[in-house]
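*Asks:* How does the following fold in three dimensions:
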Amino acid sequence: MSSAAISRINVTPVKGCALVHPTEVELTPSGVAGNRRFFLVSGDRAFNGMQCGQLVQIVPTVSNGDLTLTFPDGTAITGAITHGRAVQSKLPRGVVTGRQLKGPWDEALSDFAGAAVHLVDCDDPTGALDSHAGTLVSVASCAELGNVLGAEVDTRRFRMLFEVTGVAPHEEETWAGRRVAIGEAIVRVQSTVPRCVITTHDPDTGLPNLDVLRGIKKLRGLHDGDSVDFGVSFEVERPGPIRVGDPVVVL
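*Replies:* Sure thing, here's the model as predicted:
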């Protein structure tokens with residue numbers, strides 16, 4: 001376990017859009033502030049990669065109170081983050097409230113997605129997360145899954161907060177219920193994470209190209225006879241900064 005370390009951090013300011021990979025984040029009691037801060041709605045429903053996988057081609061950046069969306073053709077649309085009407089939307093964790101953004105993004109996003117969508121700033125400072133404060137998966141687990149499928153499995157398919165090297169395949173699942181030190185923070189691992197069809201999409205194009213769910217089911221079976229699980233979730237016991245290269249130690 002002494003060699004276990006964080007190999008990559010994955011966050012995104014806009015839920016469903018491209019992941020970005022900072023070398024350091026601040027882990028708060030409820031997650032990384034700003035991660036999934038913004039989300040899309042169409043009508044009164046959340047709109048994400050399930051409806052338009054190609055959203056992963058859009059790179060979001062937040063800087064000095066401005067939001068920039070860079071589209072795959074190189075067009076970059078920037079505007080100040082200002083708020084309009086309050087909205088509610090149902091996400092997997094429940095009803096999430098936020099404020100619709102005023103600015104130049106909705107028209108471009110709607111044209112790209114082929115649906116009328118609006119960008120919303122989540123009221124929760126840790127964003128529109130689906131469930132727990134964070135998630136992690138080992139690089140070795142993804143490599144073993146790739147062996148089953150006969151193809152490389154890009155770890156980004158799972159959109160996990162942290163990726164870990166230096167552990168055996170699925171070793172992270174044995175940490176359920178245990179405290180784990182990651183850099184200066186301490187988390188408590190909760191359970192395995194149910195996976196959805198998004199994992200079958202190429203993380204660069206957003207188009208389906210690999211039956212990851214079939215591979216997980218063949219490799220790991222069904223969790224409780226019901227869900228296809230991969231990687232684990234956690235809650236935060238002691239906040240702190242986490243950097244790429246930080247050790248991961250089961251306490």
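*Asks:* Can I get stretch 135-146 in CSV? Just the C-alpha atoms.
*Replies:* This file holds the C-alpha atoms of stretch 135-146, laid out as CSV (Å, rounded to 0.1, in the frame of the first residue of the first chain):
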residue,chain,number,x,y,z
THR,A,135,-15.4,9.0,-6.0
LEU,A,136,-12.3,7.1,-6.9
VAL,A,137,-11.1,4.2,-9.1
SER,A,138,-7.8,2.5,-9.5
VAL,A,139,-6.0,2.5,-12.8
ALA,A,140,-5.4,-1.3,-12.3
SER,A,141,-9.2,-1.9,-12.2
CYS,A,142,-9.6,-0.2,-15.6
ALA,A,143,-6.6,-2.1,-17.0
GLU,A,144,-8.2,-5.5,-15.9
LEU,A,145,-11.5,-4.5,-17.5
GLY,A,146,-9.6,-3.7,-20.7
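*Asks:* Next, the buried residues of that stretch.
*Replies:* By neighbour count on 16 or more other Cβ atoms under 10 Å, the buried set for stretch 135-146 is 135-142, 144-146. To be clear about C-beta, it is placed using only N, CA and C from the backbone, and glycine gets the same treatment.
*Asks:* Those residues into TSV, with extra columns for pLDDT?
*Replies:* Output for the buried residues of stretch 135-146, formatted as TSV (pLDDT from 0 to 100):
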residue	pLDDT
T135	97
L136	97
V137	98
S138	98
V139	98
A140	98
S141	98
C142	98
E144	98
L145	98
G146	97
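*Asks:* is it true that E172 touches G231?
*Replies:* Yes. The criterion here is Cβ atoms under 8 Å, and E172 meets it with G231 at 6.9 Å.
*Asks:* Near N209, how many other residues are there?
*Replies:* Residues lying near N209 (other Cβ atoms under 10 Å) number 12.
*Asks:* Got the domain ranges for the protein?
*Replies:* According to automatic domain parsing, the chain comprises the domains 5-11+131-250, 31-122.
*Asks:* Could you pull out the helices in the protein for me?
*Replies:* Per DSSP state H, the chain carries helices over the ranges 105-113, 139-149, 212-220.
*Asks:* Contact partners for the residue nearest to D229 when sequence neighbours are not counted?
*Replies:* Residue nearest to D229 in three dimensions, not counting chain neighbours: T192, with 3.7 Å by Cβ to Cβ, 6 or more residues apart in numbering. Shown in contact with T192 (Cβ atoms under 8 Å, 6 or more residues apart in numbering): 173, 176, 223, 229-233.
*Asks:* could you dump the helices of the chain to JSON lines with distance to I186?
*Replies:* Listed next are those as JSON lines, based on distance: least, Cβ to Cβ, whole Å:
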{"stretch": "helix 105-113", "distance to I186": "37"}
{"stretch": "helix 139-149", "distance to I186": "22"}
{"stretch": "helix 212-220", "distance to I186": "27"}
